[in-house]
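Enquirer: got a predicted structure plus its sequence, pasted below:
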Amino acid sequence: MRVLVTGGTGFAGYHLCRRLAGSGHQVVALARQPDAAVDLEKAGGEIIGGDLTDPGSLERALDGVEMVYHLAAVFRRGDLSAARMQQINAQGTRNLLDAAHRSGTVRRFVHCSTVGVHGDTGRQPVDEEAPLRPGDAYQRSKLEGEMAARDYGRDGRLKVVIFRPGGIYGPRDMRFLKLFRSIHRSRFVMLGSGEVLYQMIYIDDLIDGILLCGTRDEALGRTYILTGEQPVTLNHLVEVIARVLEVPPPGGHWPVMPAYLAGMMCELICRPLGVDPPLHRRRVDFFRKSRAFSIARARKELGFQPRTDLETGIRRTVDWYRKEGYL
């Protein structure tokens, strides 16, 4: 099958492309910078230059494509405006949906959303039917993209599956590197009690879930939360990382609100200059908001079953960071 993966040069997209190519599929990856995708080409992917804001490039990328995995997005960065996130994550998704519909060949469209559309869940794990309460511009743009995909599926223009991943980690991930480094260098500071909940998923388990979304008939028209088995407190997460790194666990807790206000000031100063602030509110939100989810629907309907426990996944991630010289 000829398969298009958007975001194929990113963390999860790269792993998905490798798995698909290893299964014999003809993988096409849409990349804004094709010259930077050497690793993906070695893994068996065909790179096509394009952009979600360029409908013409999407039509070229979709030539003969039967399956679309849409993972491309811009993430939270302090120097990115809400308008830019909306342009890529929401309107860019609509552009891709339009092009997939016009292609006449796409049999299924698997869309990557985020558990962040649920906002702060509190301590009780929630499922896919929980209220949607995005808490920032990134989450709002992702929800808008998700709703566009749902509309296409609902009115029959495309066969759509939506998944909402938790915090993704593993080899090649760079988003959690700052956390690992700060713990490794004894510079980590816990804001607040550390008892808020967080739920992570190891990259191999996520790819298993994504492929189930792309292959199981039961998935059509459905939305699935894909994350690890159980949420853990930030205190526990940090303790596991420290243990794997063989460093003393961080001690002490600092109040949250001064850091939150400092983040707000950094944003006000840096954003007009186009600079990514050294501290912004969404980073502080990591310490303020609980994210706890149930994967019962994916387990029951798709047979989804995360296989990697937290400590094993952290160890594999640390091994890769060390091998690449990041730690």
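Expert: Perfect, thanks for sending it. Numbering: from 1, shown residues only.

Enquirer: what sits opposite Trp254 in the beta ladder?
Expert: Beta-bridge pairing of Trp254 under DSSP bridges involves Leu191.

Enquirer: ok, it - contacts?
Expert: 189-192 (Cβ atoms under 8 Å, 6 or more residues apart in numbering). Quick note: C-beta positions are derived from backbone N, CA and C, even for glycine.

Enquirer: between those residues, which has the most around it?
Expert: Leu191 (20 neighbours; other Cβ atoms under 10 Å).

Enquirer: doesn't Ile201 fall inside a strand?
Expert: Yes: using DSSP: H, G, I helix; E, B strand; the rest coil, the assignment for Ile201 is a strand.

Enquirer: Gly7 contacts Val74, doesn't it?
Expert: No: in this structure, Gly7 is not within contact of Val74 by Cβ atoms under 8 Å, at 10.1 Å.

Enquirer: looking at the two, which is more packed in?
Expert: Using other Cβ under 10 Å as the criterion, Gly7 and Val74 rank with Gly7 on top: 21 against 16.

Enquirer: wait, what's in contact with the more buried one?
Expert: Gly7 neighbours (Cβ under 8 Å, 6+ apart): 13, 30, 70-73, 112.

Enquirer: pop out the phi and psi values for it.
Expert: phi 80, psi 20 (degrees, to the nearest 10).

Enquirer: quick check: Asn235 vs Gly167, distance?
Expert: 16 Å (Cβ to Cβ, to the nearest Å).

Enquirer: so for these two, which sits in the more crowded spot?
Expert: Neighbour count, other Cβ under 10 Å: between Asn235 and Gly167, Gly167 has more, with 19 against 16.

Enquirer: in the sheet, who's paired with the nearest residue to Gly8 once chain neighbours are set aside?
Expert: The shortest distance from Gly8 to any non-neighbouring residue, by Cβ to Cβ, 6 or more residues apart in numbering, is to Ala29 (2.8 Å). Following DSSP bridges, Ala29 is listed with bridge partners Val5, Ile47.

Enquirer: Ala29 contacts Asp39, correct?
Expert: No: look at Ala29 against Asp39 with Cβ under 8 Å: they stay out of range, at 10.8 Å.

Enquirer: the two: who's more crowded?
Expert: The neighbour count for Ala29 versus Asp39, taken as other Cβ under 10 Å, is higher for Ala29 (32 against 13).

Enquirer: any idea of the pLDDT on that one?
Expert: For Ala29, the pLDDT comes out at 92.

Enquirer: check Arg175 too.
Expert: 92.

Enquirer: which strand or helix spans it?
Expert: Taking DSSP states H and E as the definition, one finds Arg175 inside no helix or strand.

Enquirer: residues making contact with the helix or strand encompassing Arg297?
Expert: According to DSSP H and E, Arg297 maps onto helix 296-302. Here helix 296-302 makes contact (Cβ under 8 Å, 6+ apart) with 127-128, 209, 212-213, 216, 218-219, 222, 224-226, 304-305.

Enquirer: buried sites along that helix?
Expert: 297-298, 302 (16 or more other Cβ atoms under 10 Å).

Enquirer: same thing with stretch 130-142?
Expert: 130, 134-142.

Enquirer: output the lowest mean pLDDT helix or strand found in this structure.
Expert: Every helix and strand in the chain was compared by mean pLDDT, DSSP states H and E; the lowest is helix 38-42, with a mean of 68.
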